[in-house]
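Student: okay, predicted coordinates and the sequence, questions at the end:
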Amino acid sequence: MYLRRITLLKEKINDYSIYPFSLPLIQRMDMLEVRSPVTFFVGENGSGKSTLLEAVAYQCGFHTAGGSRQNTYEVKSAEAALGDHIRLSWLPKLTEGFFLRAESFYHFANHIDETDMTNYKYYGGKSLHQQSHGESFLNLFRHKFTSIRESAIYLLDEPEAALSPARQLSLMRIIHDLTPRCQFIIATHSPILMGYPEADIISFDEDRLQRIDYRDTEHYQITRRFLENPAPLLRELFND
């Protein structure tokens, strides 16, 4: 374990009516202990899980549109608005790692084409734009992540956005291979990824941030209900 605690510095917040301080996260969080090498942030859209992950990336020195400490490029609205309002507690502190932000991955791929073409080996041997979305994500995990030999922290914001169910399982294997020396914090809606053994799942949907069992997540329950017997759920959905 490396990152041990995330503390929200509420004394630095002056106006709770503006974003992101208006998010439910701000009312629900004071301090969050990180207890597992693999931690999932789960919750509905707008609950604040991606905003908190982005703030952690900012405090780690990673580019908040995606990348590591070595990646510097301009992207509109890439600032982490919550970044200066949290404190990270480490033992020991990590400086290596990567922040994957699915929604701005296109800009990261542009950055690599413009500045790092000699190192395509870290991204599957060719431009990320010359690969399918899923291939580019998986090659980043397979080559870039595994090329870092030191202990590292990987922050992944909805990595399932580009991955088929089979490739989500491939990501789980990569996580398994790296966790002896690495730490992962993942914001996700994927009931497949959440099933990673012995992961810590933090729900952002209750009155306060709290740990939740995999089978108690809404993601698992809705998915299971649909797969086992979709007809009643569809009738409920389509009938007024």
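Tutor: Structure received. Residues are numbered from 1 along each chain as shown.
Student: so, low pLDDT: which residues of this protein?
Tutor: Within the chain, the ranges that satisfy pLDDT under 70 run 75-79, 116-117, 240.
Student: CA-only coordinates of the top helix by length along the chain, as PDB, when you get a sec.
Tutor: Among the segments of the chain that qualify as a helix by DSSP state H, the longest is helix 165-178. Extracted C-alpha coordinates of helix 165-178, given in PDB (Å, rounded to 0.1, in the frame of the first residue of the first chain):
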ATOM      1  CA  PRO A 165     -16.200  -7.700 -21.700                       C
ATOM      2  CA  ALA A 166     -13.400 -10.000 -22.800                       C
ATOM      3  CA  ARG A 167     -10.900  -7.100 -22.800                       C
ATOM      4  CA  GLN A 168     -12.100  -6.000 -19.400                       C
ATOM      5  CA  LEU A 169     -11.100  -9.400 -18.200                       C
ATOM      6  CA  SER A 170      -7.700  -8.900 -19.900                       C
ATOM      7  CA  LEU A 171      -7.400  -5.600 -17.900                       C
ATOM      8  CA  MET A 172      -8.100  -7.500 -14.700                       C
ATOM      9  CA  ARG A 173      -5.200  -9.900 -15.500                       C
ATOM     10  CA  ILE A 174      -2.900  -6.900 -16.100                       C
ATOM     11  CA  ILE A 175      -4.000  -5.400 -12.700                       C
ATOM     12  CA  HIS A 176      -3.300  -8.800 -11.100                       C
ATOM     13  CA  ASP A 177       0.200  -9.000 -12.600                       C
ATOM     14  CA  LEU A 178       1.100  -5.400 -11.400                       C
END
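Student: chain center to it, what's the gap?
Tutor: Relative to its chain's centre, helix 165-178 lies at 14 Å (C-alpha atoms, centre = their mean, to the nearest Å).
Student: tell me which strands the helix or strand just after that helix pairs with, and in which orientation.
Tutor: Using DSSP states H and E, the helix or strand that follows helix 165-178 in sequence is strand 182-187. The pairing partners recorded for strand 182-187 under DSSP bridges are strand 38-42 (parallel), strand 152-157 (parallel).
Student: I'd like the next helix or strand past strand 182-187.
Tutor: Next element after strand 182-187 (DSSP H and E): strand 200-203.
Student: from residue 107, how far off is the nearest residue to residue 109 once chain neighbours are set aside?
Tutor: Nearest non-adjacent residue to residue 109, counting by C-beta to C-beta, 6 or more residues apart in numbering: residue 128, 3.8 Å away. For the C-beta atoms, the positions are set from N, CA and C on the backbone; glycine is no exception. According to C-beta to C-beta, to the nearest Å, residue 128 and residue 107 sit 11 Å apart.
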